[in-house]
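Engineer: Sharing a model prediction with you, sequence too.
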Amino acid sequence: MSAAAYPRRRVFMAFFFCPLVLGLVFGAFKFVTLLAHLASNPRLLGEVRGGELLLMPVLAPLVAQVAFLLPFLVFALGVTLMKVYHSPRACAVLALVGASVASLWALIFIALVVHGVKKAQFADYQVEMLVLFVAACLTCWLAARLFLPESNAGPGVAD
């Protein structure tokens, strides 16, 4: 009886591309809100917003993936090397760790911005950081729930 091999490539890709998925959702949301704003204010149709509007669903995922490339590369490698299996606890822990990684990485960028501007403070970005944490937590939880393999330990092992 041979044990099934751990699907490293599938698990790595799922966690590595979490920012891309989140950027896709954000890009679509921003596209719809910008389109609604243009439809409600016809005077803005003459401005240079057509290119921004059309490129938003494409560029937002790419920018998110590039911005979070390094932390999610390390995160995906860690999950893959630890060979994490699907369980409710593993999904919750990976969601919280992924959200923390994304938030800490964004906090580094915010620290660079706050350091250069006299009136800028960390408190100015609290809502954005909370939204980022919740969205990253949801995305990482979905990746864990959908792509982690089931444990083949047998029926006698509890989660």
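Structural biologist: Thanks, I have the structure now. Numbers count the residues shown, from 1 in each chain.
Engineer: State the mean pLDDT of the lengthiest helix in the chain.
Structural biologist: Within the chain, and with DSSP state H defining each element, the longest helix by residue count is helix 88-116. When pLDDT is averaged over helix 88-116, the result is 93.
Engineer: For it, name the packing helices and strands.
Structural biologist: Packing contacts for helix 88-116, counted by 3 or more Cβ pairs under 8 Å, 6 or more residues apart in numbering; DSSP states H and E, involve helix 69-82, helix 126-147. For glycine as for every other residue, the C-beta is placed from the backbone atoms N, C-alpha and C.
Engineer: Can you name the residues in contact with the first one?
Structural biologist: In other words, helix 69-82. Outside of helix 69-82, the residues within contact range by Cβ atoms under 8 Å, 6 or more residues apart in numbering are 8, 11-16, 18-19, 94, 97-98, 101-102, 104-105.
Engineer: how much space between the residue nearest to the spatial centre of the chain and residue 4?
Structural biologist: Centroid-nearest residue in the chain: residue 19, 3.4 Å away (criterion: Cα atoms, centre = their mean). Distance check for residue 19 against residue 4: by Cβ to Cβ, to the nearest Å, it reads 29 Å.
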